[in-house]
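Novice: Here's a sequence, model it:
(4 chains)
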Number of protein chains: 2
Amino acid sequence: MSSTGPDPEPPEATPAPDDVPRPPDVVRRLALLWNPPQPSGRGRRARLTLDDVVAAGIAIADAEGLDALSMRKVATRLGVGAMSLYTYVPGRTELLDLMIDRAFAELDLPSPDASWRDGLAQHARQHWELFQRHPWVLQTNMWRLPLTPHVLDAQEAGLRTLVDTALPPRQVVEIVGLVDAFVRGLARASVAESAERDASGMANDEYWTSMSSFWADHFDPERYPTMLRIWNAGGFDVESASLDVPLERLLDSVEMAIERAR
Amino acid sequence: MSSTGPDPEPPEATPAPDDVPRPPDVVRRLALLWNPPQPSGRGRRARLTLDDVVAAGIAIADAEGLDALSMRKVATRLGVGAMSLYTYVPGRTELLDLMIDRAFAELDLPSPDASWRDGLAQHARQHWELFQRHPWVLQTNMWRLPLTPHVLDAQEAGLRTLVDTALPPRQVVEIVGLVDAFVRGLARASVAESAERDASGMANDEYWTSMSSFWADHFDPERYPTMLRIWNAGGFDVESASLDVPLERLLDSVEMAIERAR
DNA sequence: AGCTATTCACGTACAGCGTATGATAATCTT
DNA sequence: AAGATTATCATACGCTGTACGTGAATAGCT
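Specialist: Purely as a prediction, here's the structure:
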C-alpha cells in the first residue's frame, strides 16, 4: 500500500491514485473537515453554526461519555429538532470526527526550537492532559485517528521533534507511535479510576463494596501469587498511573536509541 | 434515595428503586465468569451450552467485527430465538466479557523457568498473535480489561517474568503495562493494514480511499513538511507495523532499567 | 402414575438509536 | 411579486438491547 522510494509529487503520489474510487461521501466528509462551509447568504438563515453543534457534542461527551452521545440528545441541548443537525453534519460519524479535531485543537504543540527531549515530553504531556479533559477521545475505538487538520498538526509536531536527530525516518515513526500508545494506555488506566467512581454516582461506595467482594469471593492467592506479592508491596497503588516517572524512563530509552543511531 | 442496599431477595419489586441509576451488578457478573453454572439437573434440558453461545459470538466478531455482533445475530446463528440467549448470559456486556476471557485462554503463557527477557518477549508475541486472530478484542473500548480468569492469568504470567528481577514492584507493573500498551498500539496499526488489504470489505478500506482523497485534495506540504519528508523517505511503510524489531528495542530499555535498579 | 417445582424457550413489546424522505417555512435573487 | 434556495423538523423505517409473561419440558416427590 505505501509506496517505497522517494516521490516528489505528493498530491499525485497516492498509491494507486486513479483506480481508487472516491465515493462522494468520503470527499464530502473530508471537505467538511478541511474546508468548512461559509454561509452562502442565500436561502433561510441558519439558527446555529457548525461549531455550535460540535461544541454541544463535546459538552455531552465530556459529561456523560460517548455512549450517551446521540443525535437526538445533541439536538435537544441546542433546542432544535433532531433532523436539523443533518444540515450541519452528514451524520454521527462525521460529528465525531469534528469533535476529535476540535479537541486536538486544544493541544499546545511543542515548539520547533525545543530540544527533541523537551519537545517529545511536551507532546506526551499535552496528549495526557487532553485525555484527562476529554476522556471520550479514548473511547473512540478507531484503528487510526481521523485525518483531521489538528490531529495531523499534532502528528506533524510530534514527528518533528525527532526528525532532525540521527534516527532513520522509520524509527521516528515507530517511536512517536510508541509514545502515543504509551500515553493512551496510561491515560486509560488513570481515567478508569475516576470513571468507575462516577459510575456509581460519586458518593456511593456500593460499587467498591461489590468490587471488594470480588477479591473476597473469587481471588485465588494460589492462582495469582505474583499479583498478591505486588499488591502487598504497594505496586498497584494509584501513583503508578501517573505520567511523569514512566515517561522519563521511556525518554531515556529513546535517548539510547538516538545515541546508538549516531 | 440512594439507600438501595444489596438485596438478596428480589422477588418483591421495591416501590421506586428504578429511578436511581444503580451500578452494574458486578457480583453476579463476576460470578458467571468465575463460577460457571453446573447443569442443575432439574427442569427442562438446555439445547445449548454457555460455551456454544460464547463461541458463536466469537465467530461473528472474528468474521464481521464487533459492530456486527448483536444478540439477534448470535441467536440466529445458533438456530434459536433471540431471548433464549438470556438463559445463558445476563446481557450483551457479559457475553463480551466471556468472549474476551475465552480469547485470552488461547494464550500460550511464558514458562516461569524462562529468563525474564524470553518470558516478556513471549508475553508480548502471544498477545500480538491473539490480536491478529481476534482483532475485535482491540475494538472493545473498555478502560480496562475485564477481571476474568484468563485475563488475570495473562497478567500474572506477565508480571511474574519481572518480579524476581531487581526492579521494584511498582516498576514491574509500569513496565508490563508499557509492553501491553505497546503491543496493542502496534497491533492496531497492523490490523488496520491487513484489514484494508483484504478485499473482504470491512468498512475499513474507507480509510484508504479517504486517505487518497485527502492527499489529492487537501494535503498541504507547507503545513506538514515533516510528514512529507518522512513519507518520501519511506518512513510510513508497512514494515513499521511489524513487531519484532521494535520489541527487541523495547526489551533493551527494560534491560537497562533492570541493570540500573541493581 | 400423577403432581409440582424448576428450568428453558421465546413471542411480543418497548424505548432508544441513526437517518431517509418529504412537507413547510424563511430568506435570498430577480 | 415570483421563483429559487436553504433550513427546520414530523413522520417513519429498520435496527438495537432487553423486560415481561406465557407455555413447554423435565426432575424428584408422593
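Novice: close to chain B, is the strand or helix carrying residue A:100?
Specialist: Per DSSP states H and E, residue A:100 falls inside helix A:92-104. No - using CB under 8 Å from any CB of the partner chain, helix A:92-104 stays clear of chain B, with a minimum separation of 9.9 Å. All C-beta atoms are positioned from the backbone trio N, CA, C, and that covers glycine.
Novice: Heading C-terminal from that helix, find the next helix or strand.
Specialist: Sequence-wise, the next helix or strand downstream of helix A:92-104 (DSSP H and E) is helix A:116-133.
Novice: can you give me the mean pLDDT across the next helix or strand after that following helix?
Specialist: Of the helices and strands lying after helix A:116-133 in sequence (DSSP H and E), the nearest is helix A:136-139. In this model, helix A:136-139 has a mean pLDDT of 94.
Novice: Also stretch A:84-101?
Specialist: In the prediction, stretch A:84-101 has an average pLDDT of 96.
Novice: For it, give me every contacting residue.
Specialist: A:25, A:28-29, A:32-33, A:46-50, A:53-54, A:57-58, A:61, A:71, A:74-75, A:78, A:137, A:140, A:145-146, A:148-151 (CB atoms under 8 Å, 6 or more residues apart in numbering or on different chains).
Novice: Let's see that with 7 Å instead.
Specialist: Contact partners of stretch A:84-101, identified using CB atoms under 7 Å, 6 or more residues apart in numbering or on different chains, comprise A:28-29, A:32-33, A:48, A:50, A:53-54, A:57-58, A:61, A:71, A:74-75, A:137, A:140, A:146, A:148-151.
Novice: ends of stretch A:216-233, how far apart?
Specialist: Length of stretch A:216-233, first residue to last, CA to CA, to the nearest Å: 19 Å.
Novice: Does that stretch reach chain B?
Specialist: Yes - shown here: stretch A:216-233 in contact with chain B (CB under 7 Å from any CB of the partner chain) through A:218, A:224, A:226, A:227, A:229, A:230, A:233.
Novice: Show me the contact partners of that stretch.
Specialist: A:236, B:30, B:34, B:152, B:155, B:156, B:159, B:160, B:163, B:169, B:172, B:173.
Novice: Sort out which of those are buried, if you could.
Specialist: B:30, B:34, B:152, B:155, B:156, B:159, B:160, B:163, B:169, B:172, B:173 (16 or more other CB atoms under 10 Å in any protein chain shown).
Novice: Any chance of the residues you listed in JSON lines with secondary structure and pLDDT as columns?
Specialist: Formatted as JSON lines, the buried ones among the contacts of stretch A:216-233 follow (DSSP: H, G, I helix; E, B strand; the rest coil; pLDDT from 0 to 100):
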{"residue": "B:30", "secondary structure": "helix", "pLDDT": "78"}
{"residue": "B:34", "secondary structure": "helix", "pLDDT": "88"}
{"residue": "B:152", "secondary structure": "helix", "pLDDT": "95"}
{"residue": "B:155", "secondary structure": "helix", "pLDDT": "97"}
{"residue": "B:156", "secondary structure": "helix", "pLDDT": "97"}
{"residue": "B:159", "secondary structure": "helix", "pLDDT": "98"}
{"residue": "B:160", "secondary structure": "helix", "pLDDT": "98"}
{"residue": "B:163", "secondary structure": "helix", "pLDDT": "97"}
{"residue": "B:169", "secondary structure": "helix", "pLDDT": "95"}
{"residue": "B:172", "secondary structure": "helix", "pLDDT": "95"}
{"residue": "B:173", "secondary structure": "helix", "pLDDT": "92"}
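Novice: so which of those residues comes closest to chain A?
Specialist: Within the buried ones among the contacts of stretch A:216-233, the smallest distance to chain A is 3.1 Å, found for residue B:169 (CB to the nearest CB).
Novice: circling back: got the angle between the helix holding residue A:100 and helix A:116-133?
Specialist: 130 degrees (axes from the mean of the first three to the mean of the last three CA atoms, to 10 degrees).
Novice: if we can go back for a sec, out of the contacts of stretch A:84-101, list just those in strands.
Specialist: Assigned to strands by DSSP state E, none of the contacts of stretch A:84-101 qualify.
Novice: Of those, just the buried ones, PyMOL syntax please.
Specialist: One line in PyMOL is enough to select the buried members of those, burial here meaning 16+ other CB under 10 Å:
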select buried, chain A and resi 29+32+33+48+50+53+54+57+58+61+71+74+75+137+146+148+149+150+151
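Novice: of all the buried ones among the contacts of stretch A:216-233, which comes closest to residue B:111?
Specialist: Set against residue B:111, the nearest of those by CB to CB is residue B:160 (9.8 Å).
Novice: which residues sit in contact with the closest one?
Specialist: Going by CB under 7 Å, 6+ apart, residue B:160 touches A:226, B:112.
Novice: Recalculate using a threshold of 6 Å.
Specialist: Residue B:160 makes contact with residue A:226, according to CB atoms under 6 Å, 6 or more residues apart in numbering or on different chains.
Novice: And stretch A:106-118, what's buried?
Specialist: A:107, A:109, A:110, A:116, A:117.
Novice: Just put those in TSV and tack on pLDDT and distance to residue B:184.
Specialist: Shown next, in TSV, are the buried residues of stretch A:106-118 (pLDDT from 0 to 100; distance: CB to CB, whole Å):
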residue	pLDDT	distance to residue B:184
A:107	98	22
A:109	98	25
A:110	98	25
A:116	98	25
A:117	98	25
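Novice: ok, is the helix holding residue A:100 in contact with DNA strand D or not?
Specialist: No - using CB under 7 Å from any atom of the strand, we find that helix A:92-104 stays clear of DNA strand D, coming within 11.8 Å at best.
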